[in-house]
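In: no sequence on hand, only this structure:
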C-alpha cells in the first residue's frame with residue numbers, strides 16, 4: 001500500500017515538473033530570393049514566442065523556438081533537420097517552405113520520432129501515413145487546392161484552361177489535382193506543359209499555350225517562377241484584358257519577393273489564386289492582427305503567417321497533451337511509440353477550427369484571392385464541398401469587372417450550319433438529294449418503257465442510292481463533329497462510293513461480255529444475280545477495311561486550335577494508322593477504277609440508241625479525275641485553309657455525284673419523254689414496226705403517209721480508223737427506221753461488234769485510194785467498208801445514202817434528225833430504198849452466198 005502511494009506521488013511529481021520543449025523552425029531565412037516573405041515569417045514567430053511560453057497554465061510547460069536557416073537545396077535542408085534533431089534535442093520541427101524541401105526532412109523525422117508541421121508545403125506526396133507518420137500541416141494539399149480552383153473556374157463560366165507546371169513535387173501534384181477535378185466538371189484542359197524550376201525563359205511553353213486559343217491559364221509553380229512566367233507572357237502578348245491568369249497558394253508571396261520591378265506589379269493585376277483560408281476572422285485572428293499591427297505598423301502580415309502560427313500552436317497543444325499521458329521525460333527523450341492522432345488535438349486557431357484527417361492533411365475551406373495594385377483581396381470562398389461563394393467584387397486586368405472569355409477570338413474553320421459556307425453546302429446537298437429522288441420516282445413510274453428495262457433498272461436504282469448516300473456523308477461531315485458523326489461520314493462515303501462504282505462496273509461488264517462474244521453468254525444473257533455477286537465482292541473488301549479501322553483505332557473528332565483559328569478533324573489517334581487505312585482504301589478502289597476504265601474504253605464503240613457506253617466512259621473519267629483531286633483532302637491537314645479545303649473537297653464531291661447521276665440515270669428522263677411523244681405520234685399515223693426476232697429481215701407494209709420499214713444485210717471487209725487497225729470480215733445489217741447500222745465479226749475472235757447511229761452520222765461514197773469502198777463517219781470515228789464487187793458497192797451506197805448524210809454536207813449530227821427527234825427516213829432524204837421488181841424492198845440475192853455483200857430485205 002505504501003509502495004503504491006509512493007509510486008503515485010512520484011508519477012504526479014514527474015508530470016507536475018515543468019519542462020521546456022524545443023521546437024525547430026526550419027525555413028530559408030537567409031535566401032534573398034524570398035524578400036520579406038520569409039523574413040516576415042521570422043518576425044511572426046518572434047511575435048508569438050511569448051504566447052507559447054504560457055500555453056500550459058496547468059503544468060507550466062514552456063516552449064522555445066530554435067531557428068535554423070535552410071536553403072533551396074533539398075539535401076542541405078535535410079542535413080539541417082538531422083543536425084537539429086541530433087544536437088538541439090528538439091521534439092518538433094515547423095517547416096519547410098517548399099514541398100521539395102519539406103519532403104526529405106519529413107521523411108527523416110520518422111527515424112527520430114520528431115513531429116513536423118508545415119504551413120505552406122502542399123504536395124500530395126506528403127499525404128502518406130507510412131512514409132511520413134510524424135508529419136501534418138495546417139494547409140490543404142494540392143489535390144484540394146486544384147479541386148477548389150477547378151470549382152471556381154466552372155463557376156466563372158470558363159470551360160477551357162491551360163496548365164503550365166513546374167516539374168517538381170509541388171507543380172506536378174497541383175497540376176494533377178486541377179486536371180482530375182476539371183475532368184469531373186467537364187472543363188477541357190487544352191494544353192499542359194512543364195518546365196524545370198528556376199528556369200529563366202518560358203517562350204517555348206507559352207507559345208504552346210498561346211497556340212491553343214485558350215485565354216485562361218493556370219500556373220502550378222512557385223511565385224519565384226511565376227514572376228518570370230508573367231514577364232515572358234507580357235512579351236508574347238499574353239497579358240491584357242482578354243487573358244486570365246490563375247495560380248495557387250505560393251502566389252500569396254508574389255509581392256513580397258525580392259527584385260521585383262514596377263512593371264511586375266502591373267503584369268500581376270487581375271491574377272487570382274487559391275489558398276487555404278488563412279484568417280479565421282475570429283477573436284484569435286483579430287488579436288493576432290492587432291498584435292502584429294502594434295509591433296509592425298503599416299507592414300502587411302506575410303503570406304502563410306496565420307497557418308504557420310497555428311502550426312506552432314497545434315504542435316505545442318499536442319505535446320502538452322502527450323505529457324499528460326506519457327510524461328514529460330518520455331516526450332523530451334522521444335521514447336514512445338505513437339501515431340499522429342494521439343498528438344492531434346482539435347482547437348481553434350487564428351486560421352479557424354483546426355483538424356486533420358488520418359494522413360495529416362487539414363480539412364478546411366479555401367479562399368480565392370485577387371491580386372490588384374500590389375494587394376491581395378479575398379474575393380471568394382470555396383467550401384470543402386466545392387461550393388463557391390463570392391465575398392467581394394472581382395477585378396480583372398485593367399480594373400475591368402467583366403471576366404474575359406475562356407478563349408481568344410479565333411476564326412472557326414468548320415462549315416457550321418449557321419455559317420454561309422455550311423448553309424450553302426447543306427442546301428446544295430439537300431437539293432441534289434431531292435433531284436435524285438424525284439428522278440428516281442419518275443423513272444420508276446415509267447419502268448415499263450422498253451429501254452429503261454434494257455438499261456437495267458435495278459442497277460440504275462443502286463447508282464441513284466449510292467449517289468444519295470455519298471451526299472448524305474457530306475451533310476454529316478458538316479457542323480460540330482462527334483464520335484458518331486466521324487464514324488458515320490466515313491462509312492457512308494465509302495459505302496455510297498462502292499455502290500456507284502460497283503453497279504457501274506456490273507453494267508459495263510455485261511456490255512463487254514456480250515459484245516466481246518467470247519462465250520455462249522451472249523446467247524443466254526447475264527443474270528442480274530451474277531452481277532449482284534460481283535457488286536457484293538467489290539463492297540466486301542471496302543467493308544473489311546472499314547471494320548478494321550473502326551475496331552482498332554476509329555476516327556474521332558480532334559480539335560485543331562491555334563491563336564487565330566480552330567477547326568475539328570476526324571482522324572484516328574495515330575496518324576500513321578489513319579494514313580495506312582486511307583492508303584489501303586485508295587489502292588483497293590484504284591484497282592477497281594482501273595478495271596472500270598478498261599471496260600469503259602473497250603466498250604466505248606458499242607453504241608446503242610441511247611449512247612450508254614459513251615456516257616459510261618465519261619463517267620469513269622469523271623470519277624477517276626475527281627478521286628485524284630479529292631484524295632489529298634483525305635490525307636493532308638490544310639491548316640489555316642481548312643475551311644476553303646473543306647468547301648473545295650465537298651464541291652468536287654457534289655459535282656462528281658451530279659455528273660455521275662445525270663450521265664448514267666438522270667438523262668434518261670429526256671429519252672423517256674421522247675419515247676412517250678414518239679408513241680403518241682405513231683398511234684396517230686397508224687403504223688408500227690418491229691425488229692426481227694431471229695435475226696432475219698422482214699418488211700411491213702407501211703400505212704398511208706408513213707415511210708416503209710426495211711433492212712439490209714451483207715458480209716463485207718471493215719477497217720476502223722486507227723494506225724494499228726486491220727481489215728476484219730464483218731456482218732452488216734442496216735435498219736432504216738432507226739438509222740442503225742450493226743457490224744458484228746463474222747467469225748468471232750477478239751474483235752468487238754459495233755452499233756452505229758448512221759442516221760445522225762455521215763458517209764463518204766468514194767474515199768480516196770480505195771475502190772468499191774465507202775467511209776462511214778459516226779461517234780467521232782470512221783470505218784472503211786469494202787464490198788466484193790462494184791454491183792454490191794453501188795447497192796450499199798444507195799442504201800446508206802437513204803439514211804445517212806453525204807460527207808460533204810455541213811449538217812451537224814443533231815441537225816440530221818427530224819423535229820420529232822427520229823433518224824431521217826429515206827423519204828425525208830428524198831431517196832427511195834432499193835426496190836425489187838414487185839415494188840417491195842429488195843429481197844436477198846440467191847447468188848450472194850455466205851460472202852455476199854448484197855443488201856437484202
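Out: On my side now, so go ahead. Given the structure is predicted, the values throughout are model-derived calculations rather than measurements.

In: residues contacting the residue positioned nearest the centre of the chain?
Out: Residue closest to the average C-alpha location in the chain (CA atoms, centre = their mean): residue 557, at 2.6 Å. Counting by CB atoms under 8 Å, 6 or more residues apart in numbering, residue 557 touches 481-483, 485-486, 568-570. For every residue, glycine as well, the C-beta is placed using N, CA and C.

In: just those residues: which are in helices?
Out: Residues of the contacts of residue 557 located in helices (DSSP state H): 483, 485-486.

In: before we move on, the earlier item: buried among the contacts of residue 557? Make that a ChimeraX selection.
Out: If you want just the buried ones from the contacts of residue 557 in ChimeraX, going by 16 or more other CB atoms under 10 Å, the selection is:
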select :481,485,486,568,569,570
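
In: quick check, nearest of the ones in helices among the contacts of residue 557 to residue 347?
Out: Residue 347 lies nearest to residue 483 out of those, by CB to CB, at 53.4 Å.

In: who's in contact with the closest one?
Out: With CB under 8 Å, 6+ apart, residue 483 has these contacts: 554, 556-557.

In: ok, residue 334 touching residue 112?
Out: Yes. Counting by CB atoms under 8 Å, residue 334 touches residue 112, with 6.7 Å between them.

In: where exactly do the strands run in the stretch 51-200 of the chain?
Out: With DSSP state E, counting those that start in this stretch applied, the stretch 51-200 of the chain shows strands at 62-69, 92-95, 115-118, 135-137, 160-166, 188-195, listed in chain order.

In: quickly find the element holding residue 802.
Out: Assigned by DSSP states H and E, residue 802 falls within helix 790-803.

In: strands of the stretch 451-600 of the chain, start to end?
Out: 556-561, 565-571.

In: if we go by neighbour counts, what in the shortest one is buried?
Out: To tie it back to what came earlier, the one meant is strand 556-561. So strand 556-561, judged by 16+ other CB under 10 Å, has buried residues 556, 560-561.

In: any idea which of those residues the model trusts least?
Out: Taken together, the buried residues of strand 556-561 show their lowest pLDDT at residue 561, with 75.

In: contacting residues around it?
Out: Contacts of residue 561 by CB under 8 Å, 6+ apart are 190, 211-214, 410.

In: and for residue 177?
Out: Here residue 177 is in contact with 124, 141-147 (CB under 8 Å, 6+ apart).

In: so for it, what pLDDT did the model give?
Out: 93.

In: quick one: list the elements packing against the helix holding residue 802.
Out: strand 711-720, strand 728-735, strand 773-778 (3 or more CB pairs under 8 Å, 6 or more residues apart in numbering; DSSP states H and E).

In: could I get the ones you listed in a markdown table, plus columns for mean neighbour count, mean pLDDT and distance to residue 538?
Out: Shown next, in a markdown table, are the helices and strands packed on helix 790-803 (neighbours: other CB atoms under 10 Å; pLDDT from 0 to 100; distance: least, CB to CB, whole Å):
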| stretch | mean neighbour count | mean pLDDT | distance to residue 538 |
| --- | --- | --- | --- |
| strand 711-720 | 22 | 85 | 32 |
| strand 728-735 | 20 | 86 | 34 |
| strand 773-778 | 21 | 84 | 34 |
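
In: quick one, which of these gets closest to residue 378.
Out: Of these, nearest to residue 378 by CB to CB is strand 773-778, at 93.2 Å.

In: so which residues make contact with stretch 488-499?
Out: 462-463, 465-474, 476-477, 535, 538-539, 542-543, 545-546, 549-550, 555, 570, 585, 589.

In: verify the contact between residue 295 and residue 47 for me.
Out: Yes. Using CB under 8 Å, residue 295 is in contact with residue 47, at 5.8 Å.

In: compare neighbour counts for these two and give me the winner.
Out: The neighbour comparison of residue 295 against residue 47 (other CB atoms under 10 Å) goes to residue 47, with 17 against 12.

In: so for that one, what's the pLDDT?
Out: 95.

In: can you find the helix or strand in the protein with the smallest mean pLDDT?
Out: Of all helical and strand segments in the chain, the minimum by mean pLDDT, DSSP states H and E falls on helix 521-524, at a mean of 41.

In: need the contact list for the residue lying closest to residue 278 once chain neighbours are set aside.
Out: What sits nearest to residue 278 in space, not counting adjacent residues and going by CB to CB, 6 or more residues apart in numbering, is residue 306, at 4.1 Å. Counting by CB under 8 Å, 6+ apart, residue 306 makes contact with 278-280, 285, 288, 349-351.

In: how near is the nearest residue to residue 150 once chain neighbours are set aside to residue 317?
Out: Computed as CB to CB, 6+ apart, the closest residue to residue 150 that is not its neighbour in sequence is residue 181, at 3.6 Å. According to CB to CB, to the nearest Å, residue 181 stands 33 Å off from residue 317.

In: can you check residue 532 too?
Out: Applying CB to CB to residue 532 and residue 317 gives a distance of 88 Å.

In: okay, these two: which has more neighbours?
Out: residue 317 (20 against 16).

In: quick check: closest non-adjacent residue to that one.
Out: residue 345 (4.9 Å).

In: next: residue 548.
Out: residue 581 (7.2 Å).

In: would you check that that neighbour makes contact with residue 544?
Out: No. Applying CB under 8 Å as the test, residue 581 and residue 544 come out as separate, 11.1 Å apart.

In: look at the two and report which has more neighbours.
Out: residue 581 (20 against 12).

In: which residues touch that one?
Out: 545, 548-549, 572.

In: taking the residues you listed together, which two end up most distant?
Out: Taking CB to CB as the measure, the contacts of residue 581 have their most distant pair in 545 and 572, spaced 13.0 Å apart.
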